[in-house]
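Visitor: What follows is a predicted protein model with its sequence.
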Amino acid sequence: LGLGLVELALLLEEAGRRVAPVPLLSLALGGLVLARHGSSDQQTALLPGVAAGTALLTAALTEPLGDELSPATTATRSGDGWLLEGTKTCVPAGQYAGHVLVSAATPDGPRLFLVDTTGAGVTVERQDTITYRAEALLLLDGAAGELVGGEGAVADAVQVGQVAVCALLVGTTAEAVRITAEYTRTREQFGHPIGHFQAVTQRLGDGFIDTTAMRLTTLQAVWRVAEGLDADKEVAVAKYFASDGAQRVVRGAAHMHGGMGVSREYPLHRYYLAAKQLELTLGGGTRQLVRLGRLLADEPV
């Protein structure tokens, strides 16, 4: 349709509102990154299937206790290709993906590689998560990889993934606020809806403010990444606000629901779990503050 990251972010926000168990995050991590950095042959081979919904492409950027921008996974030249060694964790929709974009260290710095999950040297294991939605552990032992893009491809893939996660969190927290507002209108205590009590109203107001700040910082970061502008600080700010704000919102929502807030049968529980998992995906709030501090410290006066 000729749309890009901004439009995908709006779609992801709506998916977040329903905590939909569909692999839409892989559209950003896999399909959109390949569209931004892949060769014409790579795009022709994979993107039509992604667009048609017959193929699933995702990315493996996270490692155990690792930094996404400095992967421990290695890539070594072998003839005209590359061989990859390492472990990737928490790969979204990795169980179902036919191909995965993998970040790996090379003598020239981190690079992005396209890996066939059915190829030799590739093992995909199921990883259960707190949201009851499985992700994948990707084990690479001499797996063949095809170079995707150049020097900045890994950093761009991480940024695209981070703003996509932010968009999901915006939808998740906005819906948690709406569900809680509806609940407090009808739940009565001492003969009045609890939404009439000042402390409850203030807590809901704080949730609305957090969600609004998350959406504004996310849209700014999304737009800058989509336009190819420098967005390091904006992405760090957006991911910090999304990770930190989402936790305040869902905890407050659970608190105002009382026992219903932790009931698995009640929908709010799914939002709480989703926010917790997304908070840490591609770096939590503390890591964003550390990165932002370094960026500010390195700025020339």
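Guide: Arrived safely.
Visitor: Could I get the full set of helices for this protein?
Guide: For the chain, applying DSSP state H gives helices covering 5-18, 25-26, 33-37, 40-52, 153-186, 198-226, 232-257, 268-280, 285-298.
Visitor: Give me the residues contacting the fourth one.
Guide: Helix 40-52 is contacted from outside by 27, 30-31, 34-35, 38, 55-57, 99, 114, 146, 148, using C-beta atoms under 8 Å, 6 or more residues apart in numbering. Glycine gets a C-beta too; all of them are placed from N, C-alpha and C.
Visitor: which two from those residues end up farthest apart in space?
Guide: Using C-beta to C-beta, the contacts of helix 40-52 reach their maximum pairwise distance at 27 and 146, which is 20.3 Å.
Visitor: Which of the contacts of helix 40-52 ranks first by neighbour count?
Guide: Counting neighbours by other C-beta atoms under 10 Å, residue 30 leads these with 29 neighbours.
Visitor: residues touching the closest residue to that residue other than its chain neighbours, list them.
Guide: Closest residue in space to residue 30, ignoring its immediate chain neighbours: residue 57 at 3.4 Å, by C-beta to C-beta, 6 or more residues apart in numbering. For residue 57, the contacting residues are 26, 30, 31, 34, 46, 50, 97, 98, 99, 100, 101, by C-beta under 8 Å, 6+ apart.
Visitor: quick one: residue 57 from residue 166, how far?
Guide: As judged by C-beta to C-beta, to the nearest Å, residue 57 and residue 166 stand 21 Å apart.
Visitor: same check, this time on residue 42
Guide: Computed with C-beta to C-beta, the distance linking residue 42 and residue 166 is 27 Å.
Visitor: Could you check which of those two has the larger neighbour count?
Guide: Neighbour count, other C-beta under 10 Å: between residue 42 and residue 166, residue 166 has more, with 31 against 18.
Visitor: Was I right to think that one contacts residue 221?
Guide: Yes: the criterion here is C-beta atoms under 8 Å, and residue 166 meets it with residue 221 at 6.8 Å.
Visitor: Now for these two: what residues contact both?
Guide: The contact lists of residue 166 and residue 221 share 238, 239, where a contact means C-beta under 8 Å, 6+ apart.
Visitor: Buried ones in stretch 6-18, by neighbour count?
Guide: Going by neighbour count (16 or more other C-beta atoms under 10 Å), the buried part of stretch 6-18 is 8, 9, 11, 12, 13, 15, 16, 17.
Visitor: contacting residues around the nearest residue to the fourth one once chain neighbours are set aside?
Guide: Think residue 12. Nearest non-adjacent residue to residue 12, counting by C-beta to C-beta, 6+ apart: residue 167, 4.0 Å away. Residues near residue 167 by C-beta under 8 Å, 6+ apart: 8, 9, 10, 12, 13, 16, 218, 222.
Visitor: so how far is residue 50 from residue 167?
Guide: Using C-beta to C-beta, residue 167 is found at 19 Å from residue 50.
Visitor: how far away is the nearest residue to residue 285 once chain neighbours are set aside from residue 18?
Guide: Leaving aside its chain neighbours, residue 285 sits nearest to residue 243 (3.9 Å; criterion: C-beta to C-beta, 6+ apart). Computed as C-beta to C-beta, the residue 243 to residue 18 distance reads 21 Å.
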